[in-house]
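Colleague: following is a predicted model, sequence given first.
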Amino acid sequence: MNYAVSACLMGVNCKYNGGNNENAKIIAFLKDRPHLTVCPEIAGGLPVPRACCEIVNGRILNTDKEDVTDAFIRGAEKEVQRLLDEKVDLVILQPRSPSCGKGRIYDGTFQGKLKDGDGVFVQLCKKQGIEVWNCDEFLEKRIGFLK
């Protein structure tokens with residue numbers, strides 16, 4: 001099986017705040033397995049660090065009230081094409097983000113509240129028939145690392 005994983009989960013400092021979401025369990029699982037790292041936001045040309053972004057009324061805005069939707073879409077399209085080119089079977093992503101969030105994303109108020117929905121990258125992966133899991137559900141349901 002070929003995997004792709006959010007770069008931030010692999011320890012790459014690509015989050016909006018310049019940090020990462022390194023996950024030792026995901027790294028250990030993928031150690032000897034074929035995988036790509038993906039970051040749709042970087043692929044779309046957004047800098048690190050950058051202003052925090054959330055989906056607001058169908059557009060992606062940052063805390064400076066700039067509309068960065070086009071960069072998110074451009075990055076999602078580039079990364080999905082990579083997944084298709086590399087014949088990736090399953091993508092493991094960081095929860096909640098406006099790119100990689102699956103099932104629950106930040107609600108657009110920039111107050112840490114969640115709502116049902118998928119990030120832009122997840123939406124595009126699903127349209128292309130690419131299986132997507134957030135890292136928590138992958139660890140719990142696929143490989144039994146949690147509880």
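Modeller: Done, it's in. Numbers count the residues shown, from 1 in each chain.

Colleague: quick one, strands of this structure?
Modeller: 3-6, 35-38, 53-56, 59-62, 90-93, 104-106, 114-116, 131-134 (DSSP state E).

Colleague: the fourth one: how far from the chain's middle?
Modeller: So that's strand 59-62. The chain centroid and the centroid of strand 59-62 are separated by 16 Å under C-alpha atoms, centre = their mean, to the nearest Å.

Colleague: tell me which residues of it come out buried.
Modeller: 60-62 (16 or more other C-beta atoms under 10 Å). Bear in mind the C-beta positions are built from the backbone N, C-alpha and C, glycine included.

Colleague: quick one: mean pLDDT over it.
Modeller: For strand 59-62, mean pLDDT is 97.

Colleague: same check on the first one?
Modeller: Strand 3-6 shows an average pLDDT of 98 in the prediction.

Colleague: and it, which strands flank it?
Modeller: Strand 3-6 sits in its sheet next to strand 35-38 (parallel), strand 90-93 (parallel), going by DSSP bridges.

Colleague: tell me which residues touch the nearest residue to Glu77 once chain neighbours are set aside, please.
Modeller: Distances taken as C-beta to C-beta, 6 or more residues apart in numbering place Leu124 nearest to Glu77, at 6.7 Å, with adjacent residues excluded. Taking C-beta atoms under 8 Å, 6 or more residues apart in numbering as the criterion, Leu124 is in contact with 76-77, 80.

Colleague: mean neighbour count, distance to Trp133 and mean pLDDT added to the strands paired with strand 3-6, as a markdown table?
Modeller: Formatted as a markdown table, the strands paired with strand 3-6 follow (neighbours: other C-beta atoms under 10 Å; distance: least, C-beta to C-beta, whole Å; pLDDT from 0 to 100):
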| stretch | mean neighbour count | distance to Trp133 | mean pLDDT |
| --- | --- | --- | --- |
| strand 35-38 | 21 | 13 | 98 |
| strand 90-93 | 25 | 6 | 97 |
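
Colleague: mind putting those strands into a markdown table with distance to Glu66?
Modeller: Output for the strands paired with strand 3-6, formatted as a markdown table (distance: least, C-beta to C-beta, whole Å):
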| stretch | distance to Glu66 |
| --- | --- |
| strand 35-38 | 23 |
| strand 90-93 | 24 |
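
Colleague: out of these, nearest to Ile26?
Modeller: strand 90-93 (6.3 Å; C-beta to C-beta).
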